[in-house]
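**Student:** what would the 3D arrangement of this be:
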Amino acid sequence: MTNVDLEMIQVHEIIEKMSALIEKKKGNYNQGGKNNNNYKSGISMYPKKKKKACQKCRSKKNLMVHHKDGNRKNNNSSNLETLCWSCHERSTRRK
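**Tutor:** Numbers count the residues shown, from 1 in each chain. From the prediction side, this is the model:
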């Protein structure tokens, strides 16, 4: 084999390793518990707090849990409310 052939084999091996790492990272995206990218304390109030409708406009589409005080680490039940995407945008818009 020539030096060019050996370099091509090395490049191919690097590409395979990088692809495997990317796929592994994709596989862990948005999983439950500690594998979740938003995992903070291990006890998430989101599923318990999330209602079936927006607490401001009563929409049932594009619901998310909003932190009233803006602190994403404060997951106390009193700090969380269910908002649709539009109401959430209005609530968090910078002034």
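
**Student:** can you pull out the low-pLDDT segments for the protein?
**Tutor:** Scanning the chain for pLDDT under 70 picks out 23-48, 94-95.

**Student:** domain ranges for it?
**Tutor:** Domains of the chain are assigned by automatic domain parsing as 1-30, 42-95.

**Student:** would you list the ones you listed in JSON lines and tack on mean neighbour count?
**Tutor:** To be clear about C-beta, it is placed using only N, CA and C from the backbone, and glycine gets the same treatment. JSON lines is the format used below for these (neighbours: other Cβ atoms under 10 Å):
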{"stretch": "domain 1-30", "mean neighbour count": "9"}
{"stretch": "domain 42-95", "mean neighbour count": "13"}
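
**Student:** how about E81, secondary structure?
**Tutor:** Three-state call for E81 (DSSP: H, G, I helix; E, B strand; the rest coil): strand.

**Student:** that one against K68, yeah?
**Tutor:** Yes. If you go by Cβ atoms under 8 Å, E81 and K68 touch, sitting 6.2 Å apart.

**Student:** would you map the strands across this structure?
**Tutor:** If DSSP state E is used as the criterion, the strands of the chain fall at 63-67, 80-84.

**Student:** nearest to T92, out of those?
**Tutor:** Closest to T92 of the strands of the chain is strand 63-67 (Cβ to Cβ; 7.5 Å).

**Student:** between strand 80-84 and the closest one, find me the angle.
**Tutor:** Calculated by axes from the mean of the first three to the mean of the last three Cα atoms, to 10 degrees, strand 63-67 forms an angle of 140 degrees with strand 80-84.
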